[in-house]
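> show me how the following folds:
(one chain, ligands or ions: 1)
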Amino acid sequence: MFPGASEYGVDIAVDDRAVEDLLQTSPSDIDAPPSLTFSRNVFVPLTTACRYTCTYCTYFDPPGQASLLSLEEVREICRRGADAGCTEALFTFGDDPDDRYTEIHEQLDEWGHDSIHTYLREACEVALEEGLLPHANPGDQTREQLATVADVNASMGVMLETTAEVGAHAGPRRKVPGQRLRTLKNAGELDVAFTTGILVGIGENWRDRAESLLAIRELHDRYDHIQEVIIQPVVENERWSDGSPDLATMRQVTAMARAALPEEVSVQVPPNLAPAADLIDCGVDDLGGVSPVTDDHINPDYTWPALRELEEIAASADLPLGERLPVYERFLPSDLRTDEFDGRVADGADGEREWISPTIREALEAGGSAGERYRAVLRDEVGAVSR
Ligand code: SF4
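Reported below is the predicted structural model:
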């Protein structure tokens, strides 16, 4: 059992034999993908408050210094993104601000909210009004918290990071692997198309990496809800000086991810943090979100490559590059999928399971520039380079 798993009611066991097999995987066992994708997004750093203090993280600000965007600021960011041709509002967070963040809670209270989750719901509605599809990453989520915002998001996510206890999750309030797994499970139970990933180099060992990937696989096998798994190296910054994984490590772990996950789950590396061009042949088929208008607020020292650079990565691997929406097409019901879609449709997408809420469906079907922009991406009519 993983740390905290029983406390959070997560019944996941990974098979020792599967771990051993995965540890034997090497890049030479993996086929290159047929194509690469990316999504055009804007970062919306709704709050920089976070209950945790992970030692590799520069995103969170301590109490008294943390920011909380107003809805007007959210609207302004989203409007700029929509004008630049984006389709995704990526809401970034720390984890649920605890009681130390009195100013954040006072501000939320003034705006009529008793939690960051109900405020996020309003912010997602603003993004939709401005013509962007929300994808929120609000950290660990109870089932109730997730249900508060699920129908105003096209997809959501949280990094599992690792199923191991690591020293980098330091401080009196620490991330608990069981709670992260619970969040992934909650998303599956609520039919939320979900993004997760592992963070490489924070003190986990090779077995931990294999177990983390297999735990994601196990949850996906149950719920069919994982759309992509990010393989992210930890990087040096003002709070982290313990180094980054080298290329050989990244190649190996990326190949393990590709081997551990079924074909319909994309393997993503963030090209501003990882040497993406050197990882494509290890099974990477997605380059993540690229913002033409906002910084990567999670890793502000590492600017996003221009869209043109993504084209260069694709060209170096001799692969086509296509834009995608923040929700993968396999989660859309048949009347919203394109005739060209030839992947595996998500379980129940054509009937029993509502992967796309009426709100998101309405956005995808809307007239006007936003709906047309979404449909142009689905029809693969958008060039990779900013128009
Ligand atoms: S990595 Fe996430 S959970 Fe950890 S301190 Fe940073 S924002 Fe908080």
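> wait, Ala147 touches Asp191, no?
No: using C-beta atoms under 8 Å, Ala147 is not in contact with Asp191; the gap is 10.7 Å. In short, each C-beta sits where N, CA and C put it, glycine included.
> residues of stretch 194-207 that come out buried?
194-204 (16 or more other C-beta atoms under 10 Å).
> quick one: is that stretch near the ligand?
No: using C-beta under 6 Å from any ligand atom, stretch 194-207 stays clear of the ligand, with a minimum separation of 8.3 Å.
> next one: that stretch to chain centre, how far?
14 Å (C-alpha atoms, centre = their mean, to the nearest Å).
> same question, stretch 254-267
15 Å.
> next one: stretch 248-260
The answer for stretch 248-260 is 18 Å, by C-alpha atoms, centre = their mean.
> mind listing the helices for the stretch 51-200 of the chain?
71-83, 102-110, 116-129, 143-149, 177-189 (DSSP state H, counting those that start in this stretch).
> go through the second one and flag the buried ones.
Looking back up the chat, that one is helix 102-110. Neighbour-count burial for helix 102-110, counted by 16+ other C-beta under 10 Å, picks out 103-105, 107-108.
> with the shortest one instead?
The neighbour-count check on helix 143-149 (16+ other C-beta under 10 Å) flags 145-146, 148-149 as buried.
> between those, which is closest to Gly112?
Set against Gly112, the nearest of these by C-beta to C-beta is Thr148 (14.6 Å).
> show the pLDDT at the closest one.
You'll see Thr148 listed with a pLDDT of 98.
> give me phi/psi at the nearest residue in space to Ile198 that is not next to it in sequence?
Leaving aside its chain neighbours, Ile198 sits nearest to Ser212 (5.0 Å; criterion: C-beta to C-beta, 6 or more residues apart in numbering). Ser212 adopts backbone torsions of phi -60, psi -50, taken as degrees, to the nearest 10.
> so Ser212 makes contact with Thr163?
Yes: when contacts are counted by C-beta under 8 Å, Ser212 is listed as touching Thr163 (4.6 Å).
> surely Gly178 meets Asp140?
No: counting by C-beta under 8 Å, Gly178 does not reach Asp140; the two are 10.1 Å apart.
> separation between Ala366 and Arg375?
The gap separating Ala366 from Arg375 is 10 Å, by C-beta to C-beta, to the nearest Å.
> can you check Val345 too?
19 Å.
> ok, now Ala49?
Distance of Ala49 to Arg375, computed by C-beta to C-beta: 37 Å.
> more neighbours, the two?
Per other C-beta atoms under 10 Å, whichever of Ala49 and Arg375 has more neighbours is Ala49, with 25 against 16.
> quick one, what contacts that one?
Ala49 sits next to 60-61, 63, 66, 68, 94, 97, 101, 104 when contact means C-beta atoms under 8 Å, 6 or more residues apart in numbering.
> repeat the analysis, applying 6 Å as the threshold.
By C-beta atoms under 6 Å, 6 or more residues apart in numbering, the contact set of Ala49 is 66, 94, 97, 101, 104.
> give me every residue that touches the closest residue to Gln107 other than its chain neighbours.
Excluding its sequence neighbours, the residue lying closest to Gln107 (C-beta to C-beta, 6+ apart) is Leu68, at 5.5 Å. For Leu68, the contact set (C-beta under 6 Å, 6+ apart) comprises 47, 104, 107.
> before we move on, back to that, closest one of the buried residues of stretch 194-207 to the ligand?
Nearest to the ligand out of the buried residues of stretch 194-207 is Leu199 (C-beta to the nearest ligand atom; 8.3 Å).
> which residues pair with the closest one across the strands?
Under DSSP bridges, the beta-bridge partners of Leu199 are Gln232.
> what residue in the stretch 151-300 of the chain comes nearest to the ligand?
Closest point on the stretch 151-300 of the chain to the ligand, by C-beta to the nearest ligand atom, is Lys175, at 6.0 Å.
> distance of the closest residue to that residue other than its chain neighbours from Asp95?
Spatially, and ignoring its direct neighbours in sequence, Lys175 is nearest to His169 (4.5 Å; C-beta to C-beta, 6+ apart). Using C-beta to C-beta, His169 is found at 11 Å from Asp95.
> next one: Asp11
23 Å.
> and those two? which has more neighbours close in?
Asp95 (20 against 10).
> give me the number of residues near Asp140?
Asp140: 20 surrounding residues under other C-beta under 10 Å.
> isn't it right up against Arg182?
No: taking contacts as C-beta atoms under 6 Å, Asp140 lies outside contact range of Arg182: 7.5 Å.
> now stretch 215-225 - C-alpha only, PDB.
Presented in PDB, the C-alpha positions along stretch 215-225 are these (Å, rounded to 0.1, in the frame of the first residue of the first chain):
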ATOM      1  CA  ALA A 215      -0.600   3.300 -10.000                       C
ATOM      2  CA  ILE A 216      -1.800   5.800 -12.600                       C
ATOM      3  CA  ARG A 217      -2.300   2.900 -15.000                       C
ATOM      4  CA  GLU A 218      -4.300   1.000 -12.500                       C
ATOM      5  CA  LEU A 219      -6.600   3.900 -11.900                       C
ATOM      6  CA  HIS A 220      -7.000   4.500 -15.600                       C
ATOM      7  CA  ASP A 221      -7.900   0.900 -16.200                       C
ATOM      8  CA  ARG A 222     -10.700   1.300 -13.700                       C
ATOM      9  CA  TYR A 223     -12.100   4.600 -15.000                       C
ATOM     10  CA  ASP A 224     -10.600   5.200 -18.500                       C
ATOM     11  CA  HIS A 225     -10.200   8.900 -17.500                       C
END
